[in-house]
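Peer 1: The following comprises the amino acid sequence and a computationally predicted model.
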Amino acid sequence: MTTSFSRRTEEDYRHCEAIIKRHSKSFYYAFSRLPQEKARAVYAIYAFCRTADDSVDSSGSREERMAALGRLSAELDRFREGQDADTPLWRALRDVFRRYTMDIQPFYDQLEGQRMDLDFRQPADLRRLEEYSYFVAGSVGLMLLPIIAPGADAETRRHAADLGVAMQLTNILRDIGEDLRDKGRVYLPRNLMAKHGYTSEDLENRLIDDRFTSLWEAVAARSEDLYDRFNETLGDYSDDSRLPVALSAGVYRGILNEVRNNGYDCFSRRAVVGKREKSRIALAVRASLTRKTGMAHTLAADVAP
């Protein structure tokens, strides 16, 4: 690798790092603790997912957003054939694919999730919500596996996808009010709303009562179950990746408790895990991993958040 290429690659990865740092402080807090080469690979993958998400979240018409997604899909097709677009994102991703034994299918699954988002309908039940969540978020877990758990078996792959689904359910529970206000969307399953006696009118009125909290907790219970299942496979992750990955799960799971601490107000308040709580979670995660594995775990960038 020549010096000039190395310099350009550094710039490409800085471009990707700026994207994750701007759009997801929780992910950046956790994954910036990976060894530099792995952290940069994660940044490039996040930048791809962010680009896909932005293509359908723009203010354009449905046709314009579908066209933008189609262009990204065509770029991925060309990338698969070795004909990369000359942009920081695709150059960084090519470097990732050179360094790791990557699987391109989850990248296509991510784009399918964005297509599903364009034609979104309130899910009938939790199973359908989880199917959608796999494509938009579980796919990300599978993208990352060759970097943080090379040689992962089928169980580890399944629970890596579970982690992405758990995080997406967490997003949904945090953003109920924002999704309704800004997108006119309801991600809460229809059958669970009916079961708990919480109506669409109640949701429009931002009503927080026992029916709402029981509905919210029903989805949260599934999210927390998936976090627990993922935690069972942490031993399959690389020694230098185990703690950052567990930290990302712990911090994201902490969002659920922040919603609870806010009195379940996910209509007028956005739940955020603050710096002090992130530090507490980091200590708890480190101690838990040490107990489970008998190994002391440190972070490659063990600095204050």
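Peer 2: That came through, no problem.

Peer 1: Any stretches of the chain with poor pLDDT?
Peer 2: For the chain, the stretches flagged by pLDDT under 70 are 1-5, 58, 293-305.

Peer 1: As a check, name the ranges of all strands in it.
Peer 2: Under the criterion DSSP state E, the chain contains no strands.

Peer 1: And residue 157, how far from residue 105?
Peer 2: 11 Å (Cβ to Cβ, to the nearest Å). Glycine gets a C-beta too; all of them are placed from N, C-alpha and C.

Peer 1: Comparing those two, which residue is more hemmed in?
Peer 2: residue 157 (18 against 11; other Cβ atoms under 10 Å).

Peer 1: From residue 35, how far off is the more buried one?
Peer 2: According to Cβ to Cβ, residue 157 and residue 35 sit 22 Å apart.

Peer 1: Residue 274 now?
Peer 2: From residue 274 to residue 35 the distance is 27 Å (Cβ to Cβ).

Peer 1: How much space separates the closest residue to residue 24 other than its chain neighbours from residue 27?
Peer 2: Closest residue in space to residue 24, ignoring its immediate chain neighbours: residue 46 at 7.0 Å, by Cβ to Cβ, 6 or more residues apart in numbering. Distance check for residue 46 against residue 27: by Cβ to Cβ, it reads 6 Å.

Peer 1: Check residue 222 too.
Peer 2: According to Cβ to Cβ, residue 222 and residue 27 sit 22 Å apart.

Peer 1: Quick one: neighbours of the closest residue to residue 272 other than its chain neighbours, just the number.
Peer 2: Leaving aside its chain neighbours, residue 272 sits nearest to residue 258 (6.5 Å; criterion: Cβ to Cβ, 6+ apart). Neighbourhood size, residue 258 [other Cβ under 10 Å]: 17.

Peer 1: before we move on, what about residue 87?
Peer 2: 13.
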